[in-house]
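Participant: pasting the sequence and the predicted model now:
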Amino acid sequence: MGRGPLTPETSKTATAGLTFQSRFGLTASVDIYQIDVDNRFSQSRTFAVPASFANPQRFTAVSYFTNDFDTRTRGIDAVIGYGHRVGPGRANLSLAYNYNQTKVRSGTSAAIPNETQRRIFEERLPKHNGTATLGYDIGPVALLARARYYGAWTDVTGNATGELFQRFGSIALFDVSAAYKFDDHFTLRVGAENVANTYPAEATNQAVRGLIYSRNAPYDTDGGQYYVRVGMSF
């Protein structure tokens, strides 16, 4: 690996799951999976351009793409849902959790000693993610509240001096909405995503690019978003 032209990645997947459904409105599912990816497409480490090289474009550093890693991803998805009539309407509750871990099985060849890409594969995405949703429907009105949780993750920025890592902690975001169906085809929805206007930690290593928050974040970084939408269905 790590030499010659780029080649397609190959993968093997194994999954198993269980589902449950009761007569009183409770449903559940659990899925486990393992995904092996070989000859994974990645980027080499960053090489500083020596001052002695002819450099009319004034590049400070270069990197290139290569097949240099084999990875194994293991995870679990668990979902629980419950629906029941409450007062004049119906309440629906769902809880979803995902655990996802990637390990580099081989790679970082002698030709391309790339610790950065190993950490990106293993730490770039949160290992823990969760969502809790509560809905209540009464006649043409539908109310929704949702909480989203993202675990800690690591970002990296490369420049001429080397690779800079920054660890971001976990974050929770909250969404709310209310919808009204005023005939068989039209729905008016008013809501807010990230209603608390929460922002993540600033990306201190990307300030030179004019960025305040990491462009690699697994969640939105624009604060609260408030909307009014009209939906049509036929």
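Facilitator: That came through, no problem.
Participant: run through the residues that contact the nearest residue to Leu188 once chain neighbours are set aside.
Facilitator: Leaving aside its sequence neighbours, Leu188 sits nearest to Tyr180 (C-beta to C-beta, 6 or more residues apart in numbering; 5.1 Å). Heads up, the C-betas are built off the backbone N, CA and C, glycines and all. When contacts are counted by C-beta atoms under 8 Å, 6 or more residues apart in numbering, Tyr180 touches Pro140, Val141, Ala142, Thr187, Leu188, Arg189.
Participant: quick one: which of the residues you listed is most hemmed in?
Facilitator: Among the contacts of Tyr180, the one with the most neighbours (other C-beta atoms under 10 Å) is Ala142, at 19 neighbours.
Participant: what about the helices in the chain?
Facilitator: Remark: helices assigned in the chain by DSSP state H are 115-123.
Participant: so how many other residues sit close to the closest residue in space to Lys103 that isn't next to it in sequence?
Facilitator: Closest residue to Lys103 apart from its sequence neighbours, by C-beta to C-beta, 6+ apart: Arg72 at 5.3 Å. Neighbours of Arg72 under the rule other C-beta under 10 Å: 16.
Participant: do you know the pLDDT at Arg72?
Facilitator: Arg72 is assigned 94 on the pLDDT scale.
Participant: does Val190 touch Tyr227 like I think?
Facilitator: Yes: with contact defined as C-beta atoms under 8 Å, Val190 reaches Tyr227; the gap is 7.4 Å.
Participant: quick one, which of these two is more surrounded?
Facilitator: Remark: of Val190 and Tyr227, Val190 carries more neighbours, 13 against 10, as counted by other C-beta under 10 Å.
Participant: any idea how far the more buried one is from Ser233?
Facilitator: 18 Å (C-beta to C-beta, to the nearest Å).
Participant: could you do Gly87 as well?
Facilitator: The gap separating Gly87 from Ser233 is 27 Å, by C-beta to C-beta.
Participant: bridging residues for Tyr227?
Facilitator: Beta bridges link Tyr227 to Gly191 when assigned by DSSP bridges.
Participant: which residues of this structure score low on pLDDT?
Facilitator: Applying pLDDT under 70 to the chain flags residues 1-4, 107-113, 158-162, 206-209.
Participant: top strand in it by residue count?
Facilitator: strand 65-86 (DSSP state E).
Participant: against which helices or strands is it packed?
Facilitator: strand 26-43, strand 89-107, helix 115-123 (3 or more C-beta pairs under 8 Å, 6 or more residues apart in numbering; DSSP states H and E).
Participant: quick one, the second one and helix 115-123 angle?
Facilitator: Per axes from the mean of the first three to the mean of the last three C-alpha atoms, to 10 degrees, the angle that strand 89-107 makes with helix 115-123 is 150 degrees.
Participant: does anything pack onto strand 89-107? Which helices or strands?
Facilitator: Strand 89-107 sits against strand 26-43, strand 65-86, helix 115-123, strand 128-138, with contacts defined as 3+ C-beta pairs under 8 Å, 6+ apart.
Participant: and with 10 Å instead?
Facilitator: strand 26-43, strand 65-86, helix 115-123, strand 128-138, strand 141-150 (3 or more C-beta pairs under 10 Å, 6 or more residues apart in numbering; DSSP states H and E).
Participant: could you list the buried residues of that strand?
Facilitator: By 16 or more other C-beta atoms under 10 Å, the buried positions in strand 89-107 come out as 91-100, 102, 104, 107.
Participant: what's the closest of the residues you listed to Gly210?
Facilitator: Nearest to Gly210, judged by C-beta to C-beta, of the buried residues of strand 89-107 is Thr102 at 30.2 Å.
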